[in-house]
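Enquirer: Okay, sequence plus prediction incoming.
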Amino acid sequence: MATILLLEDNNELRGLLRQALEFGSHQILEGATGVEGLRLLENAPATPDAIICDINMPEMDGVTFIRHVRANPLWAKVYIIVLSGHEEDVEFALEAGADTYIQKPFSVLGLTNLLEERLGS
């Protein structure tokens, strides 16, 4: 079982992803903004194994969030998957430190398979 931080401002999509990830026996921390994500990271009992992060979120976008994560030595090696419907976000997300990028719309099964492959769960 892995711990995954899920950041997505679309409540319906976040709920769907949470259910799919919980079905895979993962523990989920979730929020709708980068600000919430940083708060969750700071208060988590342990560093999550992976972060799934939307790019376009209110308060703090995903690219800014990723830069904060990568700047903190405690979180610098967490595996980060970025989700976005805008192809132009790819370069910015990867430059900020994302490990991989998934274009919306996407297959939930493909996302869960990627996590299982990466995390070995």
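Expert: Everything's here; your move. Given the structure is predicted, the values throughout are model-derived calculations rather than measurements. Residues are numbered from 1 along each chain as shown.

Enquirer: From here on, just use CA atoms for contacts and neighbour counts.
Expert: Will do.

Enquirer: Let me know the secondary structure of the residue nearest to the spatial centre of the chain.
Expert: With distances taken as CA atoms, centre = their mean, I52 lies nearest the centre of the chain, 1.5 Å away. Three-state call for I52 (DSSP: H, G, I helix; E, B strand; the rest coil): strand.

Enquirer: now I80
Expert: strand.

Enquirer: Model confidence score at M1, please.
Expert: Note for M1: predicted pLDDT of 82.

Enquirer: Ok, S121 next?
Expert: 54.

Enquirer: repeat for F65
Expert: 97.

Enquirer: so how far is the one helix or strand it maps to from its chain's centroid?
Expert: Using DSSP states H and E, F65 maps to helix 62-71. Counting by CA atoms, centre = their mean, to the nearest Å, helix 62-71 is centred 11 Å from the centre of its parent chain.

Enquirer: rewinding a little: pretty sure D9 is one of the things the residue nearest to the centre of the chain touches, is it not?
Expert: No: I52 sits out of contact with D9 when judged by CA atoms under 8 Å, with a separation of 11.9 Å.

Enquirer: and R118, how many residues sit next to it?
Expert: Neighbour count of R118, defined by other CA atoms under 10 Å: 12.

Enquirer: Low-confidence ranges, the chain, go.
Expert: 121 (pLDDT under 70).

Enquirer: Helix, strand, or coil at G110?
Expert: Secondary structure, three-state DSSP: G110 is helix.

Enquirer: From Q103, how far out is it?
Expert: Noted for G110: a distance of 11 Å to Q103, by CA to CA, to the nearest Å.

Enquirer: cool, N43 as well?
Expert: For N43 relative to Q103 (CA to CA), the value is 30 Å.

Enquirer: Give me the more crowded residue out of the two.
Expert: Q103 (14 against 10).

Enquirer: And the helices in the chain, which stretches?
Expert: For the chain, the helices defined by DSSP state H cover 11-23, 34-43, 62-71, 89-96, 108-119.

Enquirer: which other residues reach the third one?
Expert: Defining contact as CA atoms under 8 Å, 6 or more residues apart in numbering, one finds that helix 62-71 is touched by 33-35, 37-38, 53-56, 75-77, 82, 92-93, 96-98.
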